[in-house]
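Novice: give me a 3D structure for the following:
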Amino acid sequence: MNRIIFHIDMDAFYASIEQSDNPTLRGRPVVVGGTSNRGVVSAASYEARRYGVRSAMPIFQARQKCPDAIFLSVRMERYKEVSRHIMNILESFSPLIEQVSIDEAYIDLTGTDRLLEAPEEVALMLKQRIKEETSLTCSIGIAPNKFLAKISSDMNKPDGLTIISVDDVPRFIDDLPIEKVPGVGGKTVQILHDIGVSNLVDIKRLEDRLLIKKTGKFGKRLIQLSRGIDESPVAPYTESKSISSEDTFTADTNDMTILKEQLLVQAEIVGRRLREKGFKGTTVTLKMKRADFKQMTRSVTLDEPTYSSQSIYEHGLKLLETIDTSNKYRLIGIGVSNLATTDKLSKQLNLFDNIEQRGERWENAEKAMDTIQDKFGRDAIKRGRLLHKNDPQIS
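Specialist: Numbering: from 1, shown residues only. The predicted structure is shown next:
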């Protein structure tokens, strides 16, 4: 039986919500990401995109390209609320839904042809319901696998519908530029161009050994994709791979006091999110971006998994001390990866392991802080070194 996979991608999601909530913004260039020049573009309306404004572009560049744009701060809680509504709509069509981000998801409709209409009719019904209930448009790709569905959903934006049948797959792969393949970044594109790969079909002409030598394990996936093969399932639930937080300074800085203070703020956020989700992690990663936008990361693997904000901060601090502070920085962030649920970890603990008492005390104290903040608000209790802080350094 041929699979029927949908990829649903909301159109300019954040910006479209802002235009829907405030009708005076409709038809005007809208940029979401912040009102200062220090941030980056989170989303741009299609009106702003005509001027060359794109996601991840620095705000100051977006202003240069489109001076008349309306610049708005991110309202993440509102976007999450709309996202939940959309996912509920999708669930009414199939239980096999994999949400891959706040504004996109896969649906597996394989074998539902006797219960539902033809795939194209289902897609039109789905688009209509989303439009009626949220005033937003989406683009949908339909294909025999996730790889092709994702690419096809991007082909006729906004409000598009693209179908790739089993018979269409060879022709589609013949015409697909290699840079359009998910996971193929700038460096990989250059490597592949150097060995004669322009379109995905060119992979078939290479020796497997050469490709894997040049691109590593990802080469094996490229070989499969070049044949139109992607057997990855639509997974209704996937555990978080990492949890992180970052912020951009209002002014570039190499002041170690400011860097340490903001690192602690981010460690608090990450630790709390880990505890809320019931995860602990064993890899702490520091992320920093210089004034010239060059990004660097440093990581350390812990002996014991943690969700303690204090532990995350202390390891982040050691990583920070390896950074060259003769440069000024515009962004700092920290994350924890290699996660496992606390339930799973408790089962794996050896009864004779000696858990460091100091770390355990911090974890207990932080869980108590979480309880107080949940009941009385985030400002009800703070660490002493953050009592004065009202985020004046952060955009």
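Novice: use CA for all of it now, contacts and neighbours both
Specialist: Fine.
Novice: tell me the domain boundaries of the protein?
Specialist: Per automatic domain parsing, the structural domains of the chain span 1-164, 169-226, 242-386.
Novice: nearest approach to Ser232 belongs to which of the ones you listed?
Specialist: In terms of Cα to Cα, the element of the domains of the chain nearest to Ser232 is domain 1-164, at 7.2 Å.
Novice: can I get the domains of the chain in JSON lines including mean neighbour count and mean pLDDT?
Specialist: Converted to JSON lines, the domains of the chain look like this (neighbours: other Cα atoms under 10 Å; pLDDT from 0 to 100):
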{"stretch": "domain 1-164", "mean neighbour count": "19", "mean pLDDT": "92"}
{"stretch": "domain 169-226", "mean neighbour count": "16", "mean pLDDT": "90"}
{"stretch": "domain 242-386", "mean neighbour count": "17", "mean pLDDT": "78"}
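Novice: let me know which of those domains is the nearest to Pro236.
Specialist: Once the domains of the chain are compared by Cα to Cα, domain 1-164 is nearest, at 4.6 Å.
Novice: which element follows the strand or helix carrying Glu77 toward the C-terminus?
Specialist: Per DSSP states H and E, Glu77 falls inside helix 76-91. In the C-terminal direction, the helix or strand that comes right after helix 76-91 (DSSP H and E) is strand 97-101.
Novice: who touches that following strand?
Specialist: 87, 90-91, 105-108, 234-237 (Cα atoms under 8 Å, 6 or more residues apart in numbering).
Novice: tell me the angle of that strand relative to helix 76-91?
Specialist: 160 degrees (axes from the mean of the first three to the mean of the last three Cα atoms, to 10 degrees).
Novice: roughly how far is the following helix or strand past strand 97-101 from the heart of the chain?
Specialist: Using DSSP H and E, the next helix or strand after strand 97-101 towards the C-terminus is strand 104-108. The chain centre lies 16 Å from the centre of strand 104-108; the measure is Cα atoms, centre = their mean, to the nearest Å.
Novice: also stretch 34-41?
Specialist: Centre-to-centre, stretch 34-41 and its host chain are 19 Å apart (Cα atoms, centre = their mean).
Novice: ends of it, how far apart?
Specialist: Start-to-end span of stretch 34-41 (Cα to Cα, to the nearest Å) is 8 Å.
Novice: which residues does that stretch contact?
Specialist: The contact list for stretch 34-41 (Cα under 8 Å, 6+ apart) reads 31-33, 54-60, 62, 71-74, 248-251, 330, 395.
Novice: any idea how far Gln64 lies from Ser55?
Specialist: 15 Å.
Novice: longest helix anywhere in this structure?
Specialist: Longest among the helix segments of the chain by residue count, using DSSP state H, is helix 256-277.
Novice: which residues are contacting that helix?
Specialist: With contact meaning Cα under 8 Å, 6+ apart, helix 256-277 is reached by 243-246, 253, 280, 307-310, 312-313, 316-317, 325, 332-336, 367, 370, 385-386, 393.
Novice: swap in stretch 104-120?
Specialist: Residues from elsewhere that reach stretch 104-120 (Cα under 8 Å, 6+ apart): 1-10, 90, 94, 96-100, 122, 142, 146, 163, 234.
Novice: so where do the strands sit in the stretch 251-395 of the chain?
Specialist: Assigned by DSSP state E, counting those that start in this stretch, the strands in the stretch 251-395 of the chain fall at 279-290, 295-306, 329-341.
Novice: pull the distance from the second one to the chain's centre.
Specialist: It stands for strand 295-306. So, by Cα atoms, centre = their mean, the centroid of strand 295-306 is 20 Å from its chain's centroid.
Novice: packing partners for it?
Specialist: strand 279-290, helix 309-320 (3 or more Cα pairs under 8 Å, 6 or more residues apart in numbering; DSSP states H and E).
Novice: can you put the ones you listed in TSV and add distance to Val82?
Specialist: Output for those, formatted as TSV (distance: least, Cα to Cα, whole Å):
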stretch	distance to Val82
strand 279-290	26
helix 309-320	30
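Novice: to Asp208, which of those lies closest?
Specialist: Closest approach to Asp208 among the helices and strands packed on strand 295-306 (Cα to Cα): strand 279-290, 33.0 Å.
Novice: what's in contact with the closest one?
Specialist: For strand 279-290, contacts defined as Cα under 8 Å, 6+ apart pick out 246, 274, 295-307, 312, 315-316, 319-320, 327-342.
Novice: recalculate using a threshold of 7 Å.
Specialist: Strand 279-290 has contacts (Cα atoms under 7 Å, 6 or more residues apart in numbering) with 274, 295-302, 304-307, 312, 316, 319, 327-342.
Novice: what angle separates it from helix 256-277?
Specialist: Using the same axes, to 10 degrees: strand 279-290 against helix 256-277 is 150 degrees.
Novice: tell me the bridge partners for the closest residue to Ser152 other than its chain neighbours.
Specialist: In this structure, Ser152 finds its nearest non-sequential neighbour in Gly141, 4.6 Å apart by Cα to Cα, 6 or more residues apart in numbering. In this entry, Gly141 is beta-bridged to His7, Thr162, by DSSP bridges.
Novice: tell me the contacts of Gly141?
Specialist: Contacts of Gly141 by Cα under 7 Å, 6+ apart are 6-8, 149-150, 152-153, 161-163.
Novice: save the residues you listed as CSV, and put in distance to Gln19 too.
Specialist: Listed next are those as CSV, based on distance: Cα to Cα, whole Å:
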residue, distance to Gln19
Phe6, 26
His7, 24
Ile8, 20
Ala149, 28
Lys150, 26
Ser152, 26
Ser153, 22
Leu161, 22
Thr162, 26
Ile163, 29
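Novice: phi and psi next, for Val32.
Specialist: phi -100, psi 130 (degrees, to the nearest 10).
Novice: what about it, distance to Ser242?
Specialist: Val32 sits 25 Å away from Ser242, going by Cα to Cα.
Novice: which SS class is the closest residue to Phe147 other than its chain neighbours?
Specialist: Spatial nearest neighbour of Phe147, chain neighbours left out: Asp230 (6.4 Å); criterion: Cα to Cα, 6+ apart. At Asp230 the chain is in coil, as set by DSSP: H, G, I helix; E, B strand; the rest coil.
Novice: much appreciated, bye for now.
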